[in-house]
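> Compute the structure for the input listed below.
(chains A and B)
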Amino acid sequence: MTTSALRRYPVLVALCIAALFTVLPFVIVAVNAVKSPAEYSQHGPLSLPRGLYLDGLKDFWQRVDYGQKLVNSVLISGCVAVLAAALSILNAYAIGIGRIKGRTWVLAFFVLANMLPQEALVYPLYYLSKQAGLYDTRLSVIIVFTVIQAAFGTYLLSSVLGRFPREIIEAARIDGANKWQVLWRIVVPVSRPTIGVLLVFFFIWTWNEFLLPLVMLISNDNQTVSVALGVLQGQRLMDATMTNAAALLGVLPALVFFLVFQRTLTRGIAVGAVK
Amino acid sequence: MTVTVERGSRAVGTHQHAGPRRPRPHQSYALFLVPGVLAFLAVIVVPFLMNTGVSFTEWQGVGSPRWSGLANYRELMDDSEFWASFRHSLFMVVAMAVLPTMVGLVLAAALFDYVGKHFGSRTATVLRACFYLPQVLPIAVAGIVWSWILAPDNGTLNTLLKSVGLGSWQQDWLGDPGIALYSVMGVMVWVQIGFPLVVFMAGLQRVGPQLYEAAELDGAGWWRRFWHVTLPQIRPEISVVLTWCSIAALKVFGAVYVLTKGGPGGATDVPSYFSFTTFFEKTQVGYGAAISTVLTVLIMLLSLIGLKLQTRAEDAEEGVRV
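Coordinates of the predicted model:
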């Protein structure tokens, strides 16, 4: 056993090296974000920082009004997560529990809506939001992503609710609960784990969205973190220290989500992928 | 978790075949669909139909569109930029679906079969988390990180190459038309690898360990176990991941926007970026709509094939189980 375990160490080492390469960009960014421009130009990107220089981060924060971007991202992603989950629950209740007529077609419709490329919606949405006076408002993005995310949520939740124990619902019905009460007092609490996965996914997906927010949110006050950073990068106005400050500040929220929701994320990926 | 949900979806999809059921006078459940259907009409169906309609017109985005029939589509056929963008899409499918699936399979099998068993599942979980990390990053941020690493003069990669004595390998990774597409592909592999890995590892969890033990007792080496146990067992996951990632590859936009803006000289242009510039920079809305319509048709075809494969894989699996 010891010899066979010994033979297995090269595999472990190889995997560790591969994993190290995957996280290396994060490390390099973090290291360089705390270097002063002088230090960077003198020693390049690979040296270890000699001190903690936080002015680059501070300058960048102020220059792009990063606090506002964070507020926008949290607001938009949070609203979308909650609203899209609510919409998914309503849809899935009708499809999975209610077993309405033609549910296969309704479900297929939601699946296809989920697969649709946003490019095929972007111009009409841009045009319609202008007509409706919602262009360049956070509300427009919230509405659009609520619907887009709910397409996936409906699909996933319908399949979970499709095998919901019928006896519980029958019993509640006999006790005189109406459909609305059954939904909120029984179905939602019992499905809480899946709804939790949906909330986390909707939040992170919306946080990471780029194309539609890029088109819909042009003013600085409304932009999300992803769009603000992406646009800055696209303009190539930044020096190395600034770039690293931007990258680090962009990475940090993602890292926080990752650490907080790691289990939900990996579980959810598996749930979502093999629906 | 995987298995149960999978079973659930089968229940939804095929319940009408599940035998006689009491008729349910529950049609008022349809009321719960009303908000969803209305919202979908407003945000997805109507815009999608508008986009398709506009693709048959000449329109600058202002004034009224002028009907032009199939003119945009005919123009597309002769547009070398359009064909180039779709050719690049195939490269993206390799970078975002084919390579991550292959590497993800080997990594998942190694983590599950070797590391998990001999060094504890904690080690496997930590390693999996490392590979998955790029997946939670906004693509715009990944773009910032990588365009700085791949920068020409004092970029990290070039500095690294010089410091290990490979100075002659230095490149303008994103600025050289002959290399830029491969650089973007490399970044996408990095972004994408965690997804198949996590799905495959979850899939492997439902493979009984006794299968591996039996194979091991029969003297099967690692590669034989990989070919004869791992691959057949997680075939459903493989087809799902391939479809899912290919669709993502056809849609790729943010990475191209942030890394190269389709350049240099269109070397990394992809359909979604091409339609974006046609809409908003050239304001040829009709033409942009035609591009995105073609893209939609392709993605829908791919989705249908994927769904078909998935149900077939599930049916096969069902057959085995029963």
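> from here on, contacts and neighbour counts on C-alpha atoms
OK.
> Give me every residue in the stretch 51-200 of chain B lying close to chain A.
B:51-52, B:107, B:110, B:114-115, B:118, B:127, B:129-131, B:133-134, B:136-146, B:148-149, B:154-156, B:159-160, B:190, B:195, B:198-199 (CA under 8 Å from any CA of the partner chain).
> rerun at 7 Å
Within the stretch 51-200 of chain B, the positions adjacent to chain A are B:51, B:115, B:118, B:127, B:130-131, B:136-141, B:144-145, B:156, B:190, B:198-199 by CA under 7 Å from any CA of the partner chain.
> Please convert the buried members of those residues into ChimeraX selection syntax.
Applied in ChimeraX, the following selects the buried portion of those according to 16 or more other CA atoms under 10 Å in any protein chain shown:
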select /B:51,115,118,127,130,131,136,137,138,139,140,141,144,145,156,190,198,199
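> can you give me the helices for the stretch 1-150 of chain A?
Taking DSSP state H, counting those that start in this stretch to define them, one finds helices in the stretch 1-150 of chain A at A:2-33, A:37-43, A:55-63, A:66-92, A:103-115, A:119-131, A:138-162.
> Quick one: low-confidence residue ranges for the stretch 151-275 of chain A.
A:234-238, A:266-275 (pLDDT under 70).
> repeat that for 50
A:274-275 (pLDDT under 50).
> Would you mind listing the buried residues in stretch B:180-192?
Buried-residue list, stretch B:180-192, by 16+ other CA under 10 Å: B:180, B:181, B:182, B:183, B:184, B:185, B:187, B:188, B:189, B:190, B:191, B:192.
> And stretch A:209-228, by the same measure?
A:209-217, A:221-228.
> And it, end to end?
By CA to CA, to the nearest Å, the extent of stretch A:209-228 from end to end equals 12 Å.
> Identify the residues contacting it?
Stretch A:209-228 has contacts (CA atoms under 7 Å, 6 or more residues apart in numbering or on different chains) with A:68-70, A:72-73, A:122, A:126, A:135-138, A:141, A:208, B:138, B:140-141, B:254.
> let's see 6 Å
Residues from elsewhere that reach stretch A:209-228, judged by CA atoms under 6 Å, 6 or more residues apart in numbering or on different chains: A:69, A:72, A:73, A:136, B:140.
> which intervals of chain B have sub-threshold pLDDT?
B:1-25, B:320-322.
> near chain A, which residues of the stretch 201-322 of chain B?
With CA under 6 Å from any CA of the partner chain as the criterion, the stretch 201-322 of chain B meets chain A at residues B:202, B:258, B:292.
> Please produce JSON lines containing the contacts of stretch A:209-228, extended by distance to residue A:86.
Output for the contacts of stretch A:209-228, formatted as JSON lines (distance: CA to CA, whole Å):
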{"residue": "A:69", "distance to residue A:86": "26"}
{"residue": "A:72", "distance to residue A:86": "21"}
{"residue": "A:73", "distance to residue A:86": "20"}
{"residue": "A:136", "distance to residue A:86": "25"}
{"residue": "B:140", "distance to residue A:86": "29"}
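> Of the residues you listed, which is the most crowded?
Among these, residue B:140 has the most neighbours (other CA atoms under 10 Å in any protein chain shown), with 31 neighbours.
> Okay, and it sits in which element?
Using DSSP states H and E, residue B:140 sits in helix B:139-149.
> buried stuff in whichever helix or strand comes after that helix?
The C-terminal neighbour of helix B:139-149 among helices and strands, as given by DSSP H and E, is helix B:156-163. Of the residues in helix B:156-163, those buried by neighbour count under the rule 16+ other CA under 10 Å are B:156, B:157, B:158, B:159, B:160.
> Out of those, flag the one nearest to residue B:246.
Nearest to residue B:246 out of the buried residues of helix B:156-163 is residue B:157 (CA to CA; 28.3 Å).
> In contact with that closest one, which residues are there?
When contacts are counted by CA under 6 Å, 6+ apart, residue B:157 is found next to B:149, B:150.
> repeat for the one 10 residues further on
Residue B:167 sits next to residue B:161 when contact means CA under 6 Å, 6+ apart.
> do you know how far it is from residue B:159?
For residue B:167, the distance to residue B:159 equals 8 Å [CA to CA].
> What of residue A:158?
Residue A:158 sits 52 Å away from residue B:159, going by CA to CA.
> just the buried residues of helix B:156-163 now: which is nearest chain A?
Nearest to chain A among the buried residues of helix B:156-163: residue B:156, at 5.7 Å, using CA to the nearest CA.
> so that closest one makes contact with residue B:146?
No: if you go by CA atoms under 6 Å, residue B:156 and residue B:146 don't touch, sitting 9.4 Å apart.
> quick one on the thing from earlier: dump the buried residues of helix B:156-163 into JSON lines; add distance to residue B:248 as well.
Formatted as JSON lines, those follow (distance: CA to CA, whole Å):
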{"residue": "B:156", "distance to residue B:248": "28"}
{"residue": "B:157", "distance to residue B:248": "27"}
{"residue": "B:158", "distance to residue B:248": "30"}
{"residue": "B:159", "distance to residue B:248": "32"}
{"residue": "B:160", "distance to residue B:248": "31"}
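> which secondary structure elements does the biggest helix by length in chain B contact?
Once chain B is assigned using DSSP state H, the helix that runs over the most residues is helix B:285-321. When contacts are defined as 3 or more CA pairs under 6 Å, 6 or more residues apart in numbering or on different chains; DSSP states H and E, helix B:285-321 sits against helix B:271-280.
> and with 7 Å instead?
The elements that helix B:285-321 packs onto, with contact taken as 3 or more CA pairs under 7 Å, 6 or more residues apart in numbering or on different chains; DSSP states H and E, are helix A:119-131, helix B:46-54, helix B:71-77, helix B:235-251, helix B:271-280.
> Could you give the number of residues near residue A:239?
Neighbours around residue A:239, by other CA under 10 Å: 11.
> what's the answer for the one 10 residues further on, then?
Counted with other CA under 10 Å, residues neighbouring residue A:249 total 20.
> Could you do residue A:10 as well?
Residue A:10 has 11 nearby residues by other CA under 10 Å.
> Chain B versus that one, what's the distance?
Distance, residue A:10 to chain B, by CA to the nearest CA, to the nearest Å: 11 Å.
> any idea how far residue B:172 lies from chain A?
To chain A, residue B:172 is 16 Å away according to CA to the nearest CA.
> Got phi/psi on that residue?
Main-chain dihedrals, residue B:172, degrees, to the nearest 10: phi -90, psi 80.
> ok, which residues in the stretch 51-200 of chain A are in contact with chain B?
Proximity of the stretch 51-200 of chain A to chain B, by CA under 7 Å from any CA, involves residues A:87, A:90-91, A:94, A:96, A:98, A:100, A:104, A:113, A:116-117, A:119-121, A:124-125, A:144, A:147, A:159-160, A:162-163.
> that older thread, got the angle for the longest helix of chain B vs helix A:119-131?
Helix B:285-321 runs at 130 degrees relative to helix A:119-131, counting by axes from the mean of the first three to the mean of the last three CA atoms, to 10 degrees.
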